[in-house]
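Trainee: let's see this in three dimensions:
(chains A and B)
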Amino acid sequence: RKEVEQDPGPFNVPEGATVAFNCTYSNSASQSFFWYRQDCRKEPKLLMSVYSSGNEDGRFTAQLNRASQYISLLIRDSKLSDSATYLCVVNTGNKLTFGGGTRVLVKP
Amino acid sequence: GAVVSQHPSWVICKSGTSVKIECRSLDFQATTMFWYRQFPKQSLMLMATSNEGSKATYEQGVEKDKFLINHASLTLSTLTVTSAHPEDSSFYICSARGRGVDYGYTFGSGTRLTVV
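Mentor: Presented below is the predicted three-dimensional model:
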(Lines give C-alpha, C1' and ligand atoms only; values in the text may rest on other atoms or scores of the structure.)
Protein backbone atom coordinates (compact mmCIF):
# COMPACT_ATOMS: atom_id res chain seq x y z
CA ARG A 1 0.00 0.00 0.00
CA LYS A 2 1.34 3.45 -0.89
CA GLU A 3 2.05 5.80 1.98
CA VAL A 4 0.02 8.57 0.40
CA GLU A 5 -2.69 7.79 -2.12
CA GLN A 6 -4.67 10.05 -4.39
CA ASP A 7 -7.17 9.62 -7.19
CA PRO A 8 -5.12 10.56 -10.27
CA GLY A 9 -8.15 11.99 -12.08
CA PRO A 10 -8.43 13.88 -14.28
CA PHE A 11 -11.32 15.79 -12.80
CA ASN A 12 -12.94 17.73 -15.62
CA VAL A 13 -14.57 20.75 -14.01
CA PRO A 14 -16.73 23.40 -15.66
CA GLU A 15 -15.53 26.90 -14.97
CA GLY A 16 -17.28 28.26 -11.89
CA ALA A 17 -18.09 24.84 -10.47
CA THR A 18 -16.90 23.26 -7.24
CA VAL A 19 -14.56 20.29 -7.13
CA ALA A 20 -13.35 18.26 -4.18
CA PHE A 21 -10.98 15.37 -3.83
CA ASN A 22 -9.32 13.40 -1.08
CA CYS A 23 -6.02 11.89 -0.16
CA THR A 24 -5.39 9.04 2.26
CA TYR A 25 -2.23 8.39 4.23
CA SER A 26 -1.08 5.22 5.94
CA ASN A 27 1.19 6.42 8.74
CA SER A 28 -0.81 7.44 11.78
CA ALA A 29 2.30 9.14 13.20
CA SER A 30 2.30 11.73 10.42
CA GLN A 31 2.53 15.17 11.89
CA SER A 32 1.64 17.74 9.29
CA PHE A 33 -0.11 17.89 5.99
CA PHE A 34 -0.03 20.09 2.93
CA TRP A 35 -1.54 20.59 -0.47
CA TYR A 36 0.88 21.56 -3.21
CA ARG A 37 0.08 22.57 -6.74
CA GLN A 38 2.26 21.48 -9.63
CA ASP A 39 1.97 22.82 -13.14
CA CYS A 40 3.31 20.82 -16.06
CA ARG A 41 7.11 20.59 -16.02
CA LYS A 42 7.40 22.93 -13.05
CA GLU A 43 8.29 22.52 -9.41
CA PRO A 44 5.57 22.02 -6.79
CA LYS A 45 4.35 25.16 -5.07
CA LEU A 46 2.75 25.21 -1.64
CA LEU A 47 -0.96 25.85 -1.89
CA MET A 48 -1.86 25.54 1.76
CA SER A 49 -1.13 23.70 4.96
CA VAL A 50 -3.89 21.56 6.40
CA TYR A 51 -4.89 21.97 10.03
CA SER A 52 -6.94 19.67 12.21
CA SER A 53 -9.73 22.19 12.53
CA GLY A 54 -9.91 22.66 8.78
CA ASN A 55 -8.85 25.84 7.10
CA GLU A 56 -9.83 28.06 4.24
CA ASP A 57 -7.81 30.26 1.94
CA GLY A 58 -9.99 32.15 -0.47
CA ARG A 59 -11.70 29.64 -2.74
CA PHE A 60 -9.73 26.73 -1.29
CA THR A 61 -10.80 24.72 1.76
CA ALA A 62 -8.75 21.94 3.30
CA GLN A 63 -9.88 19.41 5.87
CA LEU A 64 -8.02 16.83 7.91
CA ASN A 65 -9.55 13.71 9.40
CA ARG A 66 -6.95 12.03 11.60
CA ALA A 67 -9.27 9.23 12.69
CA SER A 68 -9.82 8.10 9.11
CA GLN A 69 -6.41 9.29 7.96
CA TYR A 70 -7.45 11.41 5.05
CA ILE A 71 -7.26 15.00 3.97
CA SER A 72 -9.38 16.79 1.45
CA LEU A 73 -9.24 19.83 -0.78
CA LEU A 74 -12.24 21.71 -2.09
CA ILE A 75 -12.04 24.37 -4.76
CA ARG A 76 -15.01 26.69 -5.17
CA ASP A 77 -15.81 28.85 -8.17
CA SER A 78 -13.15 27.12 -10.26
CA LYS A 79 -11.05 29.28 -12.56
CA LEU A 80 -9.30 28.19 -15.72
CA SER A 81 -6.04 28.95 -13.95
CA ASP A 82 -6.83 26.30 -11.33
CA SER A 83 -6.00 23.61 -13.91
CA ALA A 84 -3.02 21.79 -12.45
CA THR A 85 -2.00 18.69 -10.57
CA TYR A 86 -2.66 18.89 -6.85
CA LEU A 87 -0.23 16.98 -4.68
CA CYS A 88 -1.09 15.76 -1.22
CA VAL A 89 2.00 15.92 0.96
CA VAL A 90 2.45 14.32 4.36
CA ASN A 91 5.25 15.17 6.78
CA THR A 92 6.40 12.28 8.94
CA GLY A 93 9.51 12.75 11.03
CA ASN A 94 10.67 15.73 8.96
CA LYS A 95 10.37 13.75 5.78
CA LEU A 96 7.88 14.75 3.12
CA THR A 97 6.03 12.03 1.26
CA PHE A 98 4.16 13.02 -1.87
CA GLY A 99 1.01 11.51 -3.24
CA GLY A 100 0.80 10.78 -6.94
CA GLY A 101 -1.26 13.88 -7.55
CA THR A 102 -4.80 14.60 -8.69
CA ARG A 103 -5.10 16.25 -12.05
CA VAL A 104 -7.75 18.95 -12.36
CA LEU A 105 -8.82 20.40 -15.70
CA VAL A 106 -11.08 23.42 -15.59
CA LYS A 107 -12.88 24.00 -18.85
CA PRO A 108 -14.82 27.03 -20.10
CA GLY B 1 10.36 34.82 1.20
CA ALA B 2 12.82 31.94 1.07
CA VAL B 3 14.20 31.20 -2.41
CA VAL B 4 16.13 28.23 -3.69
CA SER B 5 17.94 28.65 -6.98
CA GLN B 6 18.48 25.44 -8.94
CA HIS B 7 20.74 25.14 -11.98
CA PRO B 8 20.71 24.10 -14.69
CA SER B 9 17.03 24.09 -15.49
CA TRP B 10 17.58 21.56 -18.22
CA VAL B 11 20.51 19.56 -19.51
CA ILE B 12 21.09 17.03 -22.26
CA CYS B 13 24.11 14.80 -21.91
CA LYS B 14 25.61 11.76 -23.55
CA SER B 15 25.35 8.37 -21.97
CA GLY B 16 28.31 7.68 -19.70
CA THR B 17 29.01 11.28 -18.77
CA SER B 18 28.39 12.94 -15.41
CA VAL B 19 26.07 15.84 -14.69
CA LYS B 20 26.14 18.17 -11.70
CA ILE B 21 23.04 19.95 -10.46
CA GLU B 22 23.32 22.81 -7.99
CA CYS B 23 20.88 24.17 -5.48
CA ARG B 24 21.55 27.39 -3.61
CA SER B 25 19.49 28.94 -0.86
CA LEU B 26 19.57 32.64 -1.59
CA ASP B 27 18.30 34.28 1.56
CA PHE B 28 18.37 31.66 4.26
CA GLN B 29 20.59 28.95 5.63
CA ALA B 30 19.56 25.54 4.38
CA THR B 31 20.37 23.17 7.19
CA THR B 32 18.72 20.28 5.39
CA MET B 33 18.47 19.64 1.68
CA PHE B 34 16.23 17.05 0.09
CA TRP B 35 16.72 15.70 -3.42
CA TYR B 36 13.78 14.30 -5.35
CA ARG B 37 13.28 12.67 -8.70
CA GLN B 38 10.07 12.71 -10.71
CA PHE B 39 9.42 10.51 -13.72
CA PRO B 40 6.67 11.47 -16.19
CA LYS B 41 3.17 11.18 -14.75
CA GLN B 42 4.54 10.04 -11.40
CA SER B 43 4.97 11.81 -8.11
CA LEU B 44 8.11 13.11 -6.51
CA MET B 45 10.22 10.38 -4.99
CA LEU B 46 12.71 11.29 -2.30
CA MET B 47 16.21 10.18 -3.25
CA ALA B 48 18.26 11.44 -0.33
CA THR B 49 18.42 13.84 2.58
CA SER B 50 21.53 15.78 3.44
CA ASN B 51 22.43 17.90 6.41
CA GLU B 52 25.14 20.51 6.11
CA GLY B 53 28.55 19.10 6.79
CA SER B 54 27.51 15.46 7.02
CA LYS B 55 26.98 12.56 4.64
CA ALA B 56 23.69 12.23 2.87
CA THR B 57 21.14 9.63 3.86
CA TYR B 58 19.87 7.77 0.82
CA GLU B 59 16.46 6.20 0.39
CA GLN B 60 16.19 2.51 -0.26
CA GLY B 61 16.99 1.64 -3.84
CA VAL B 62 18.97 4.81 -4.58
CA GLU B 63 22.62 4.13 -5.38
CA LYS B 64 24.81 6.46 -3.38
CA ASP B 65 27.81 5.89 -5.66
CA LYS B 66 25.77 6.91 -8.67
CA PHE B 67 24.05 9.93 -7.17
CA LEU B 68 26.70 11.89 -5.31
CA ILE B 69 25.40 14.53 -2.96
CA ASN B 70 27.51 17.23 -1.43
CA HIS B 71 26.21 19.70 1.13
CA ALA B 72 29.40 21.44 2.12
CA SER B 73 27.88 24.77 3.10
CA LEU B 74 24.62 26.13 4.46
CA THR B 75 23.76 27.69 1.12
CA LEU B 76 24.85 25.12 -1.43
CA SER B 77 24.10 21.50 -2.16
CA THR B 78 24.97 19.59 -5.30
CA LEU B 79 23.76 16.37 -6.85
CA THR B 80 26.05 14.69 -9.36
CA VAL B 81 24.63 11.97 -11.56
CA THR B 82 27.65 9.87 -12.46
CA SER B 83 27.92 7.76 -15.59
CA ALA B 84 24.44 8.79 -16.63
CA HIS B 85 22.28 6.41 -18.65
CA PRO B 86 19.04 7.01 -20.51
CA GLU B 87 17.03 5.54 -17.62
CA ASP B 88 18.37 8.37 -15.43
CA SER B 89 16.47 10.85 -17.58
CA SER B 90 14.07 12.52 -15.20
CA PHE B 91 13.07 15.74 -13.46
CA TYR B 92 15.31 16.34 -10.43
CA ILE B 93 14.16 18.80 -7.77
CA CYS B 94 15.81 19.96 -4.58
CA SER B 95 14.04 21.20 -1.51
CA ALA B 96 15.64 23.08 1.34
CA ARG B 97 14.64 23.47 4.94
CA GLY B 98 16.17 26.22 7.01
CA ARG B 99 16.60 27.10 10.64
CA GLY B 100 13.65 27.97 12.81
CA VAL B 101 10.03 26.95 12.77
CA ASP B 102 9.06 29.62 10.26
CA TYR B 103 10.98 27.97 7.51
CA GLY B 104 9.00 25.40 5.61
CA TYR B 105 10.21 23.44 2.65
CA THR B 106 11.31 25.59 -0.28
CA PHE B 107 11.67 23.93 -3.66
CA GLY B 108 14.10 24.69 -6.41
CA SER B 109 12.72 25.10 -9.91
CA GLY B 110 13.89 21.64 -10.97
CA THR B 111 16.32 20.28 -13.54
CA ARG B 112 15.13 18.27 -16.49
CA LEU B 113 17.85 15.79 -17.38
CA THR B 114 17.82 13.97 -20.70
CA VAL B 115 20.49 11.36 -21.31
CA VAL B 116 20.94 10.39 -24.95
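
Trainee: do you know the pLDDT at residue A:105?
Mentor: At residue A:105, the pLDDT value in this model is 97.

Trainee: my read is that it contacts residue A:13, right?
Mentor: Yes. Counting by CB atoms under 8 Å, residue A:105 touches residue A:13, with 6.8 Å between them. No exception for glycine: its C-beta is placed from N, CA and C like everyone else's.

Trainee: buried ones in the helix or strand in which residue B:48 is found, by neighbour count?
Mentor: Using DSSP states H and E, residue B:48 sits within strand B:45-51. By 16 or more other CB atoms under 10 Å in any protein chain shown, the buried positions in strand B:45-51 come out as B:46, B:47, B:48, B:49, B:50.

Trainee: what's the neighbour count on residue 95?
Mentor: The chain I'm using is chain A. 14 (other CB atoms under 10 Å in any protein chain shown).

Trainee: right idea, wrong chain: chain B
Mentor: Residues contacting residue B:95 under the criterion other CB under 10 Å number 24.

Trainee: does it count as helix, strand or coil?
Mentor: strand (DSSP: H, G, I helix; E, B strand; the rest coil).

Trainee: returning to what we had before: which strands or helices does the strand holding residue B:48 pack on?
Mentor: Counting contacts by 3 or more CB pairs under 8 Å, 6 or more residues apart in numbering or on different chains; DSSP states H and E, strand B:45-51 is packed against strand A:95-98, strand B:30-38, strand B:57-58, strand B:67-73.
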